[in-house]
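[1] this one's structure only:
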């Protein structure tokens, strides 16, 4: 079984400051790793994903994440945030499934609050 | 191209009733997954359909069911509604082959009174 822990339920930060949203996971099998963002009253949008290869993954809107297998972490970072980044961020994992399908297990989410 | 379309966007039901939610995937996407989002339990996987067959299933009671049609559109049904079924139900689609991106719809918000 898999589980995902997002250590911070809310992260307040000032505009143009850097931010890191933390994510740790537990799994007995290899997994794919994802970060999604959810704006109010909307669905989820993929920010980035790690499937294999380079452990530093770059995504949309200037976000990046680093996969650390030894620490089972996949923290999300952005060097300079904007007001428009205020949203809920979800870390998720999916086990490798033989049929190439996904079965996402989500963390509880981190609310990023960017203040002017 | 058009995104994932979920209908209805909002609905209110009473306990004991049943509800059917619909999801139209992006053209060419043959895999449709359903997730439930609640403040208490967060986002939880319900099930996934590919080529009209259920491929994966989460840990939900049998009151939750789904199906997929030959045009890849999917429906999920919840029977004998309980207050705890109040949630945002999200549909996500992908091509179904290879580790492609999963695209989410805006969801159907169900309120059970």
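    Cool, got the structure. The model shown is predicted, which means the values in this text are computed figures rather than measured ones.
[2] SS state for residue B:84?
    For residue B:84, the reduced secondary structure class is helix; criterion used: DSSP: H, G, I helix; E, B strand; the rest coil.
[3] and it, what does it touch?
    Residue B:84 sits next to B:38, B:112 when contact means CB atoms under 8 Å, 6 or more residues apart in numbering or on different chains. Using the backbone N, CA and C atoms, a C-beta is placed for each residue, glycine as well.
[4] look up how far chain A lies from it.
    In this view, residue B:84 and chain A are 18 Å apart by CB to the nearest CB, to the nearest Å.
[5] got the phi/psi numbers for residue B:96?
    Taking degrees, to the nearest 10, you get phi 100, psi 0 for the backbone angles of residue B:96.
[6] name the nearest residue to it, sequence neighbours excluded.
    Leaving aside its sequence neighbours, residue B:96 sits nearest to residue B:31 (CB to CB, 6 or more residues apart in numbering or on different chains; 3.4 Å).
[7] any idea which residue is closest to the centre of the chain?
    I went with chain A, as the question did not name one. Centroid check for chain A by CA atoms, centre = their mean gives residue A:35 as the closest residue, at 3.0 Å.
[8] not what I meant, chain B
    Taking CA atoms, centre = their mean, the centroid of chain B lies closest to residue B:34, which sits 3.3 Å from it.
[9] count the residues that sit near the residue lying closest to it once chain neighbours are set aside.
    The spatial neighbour of residue B:34 that comes closest, neighbours along the chain excluded (CB to CB, 6+ apart), is residue B:46 at 4.1 Å. Counted by other CB atoms under 10 Å in any protein chain shown, the residues lying close to residue B:46 total 21.
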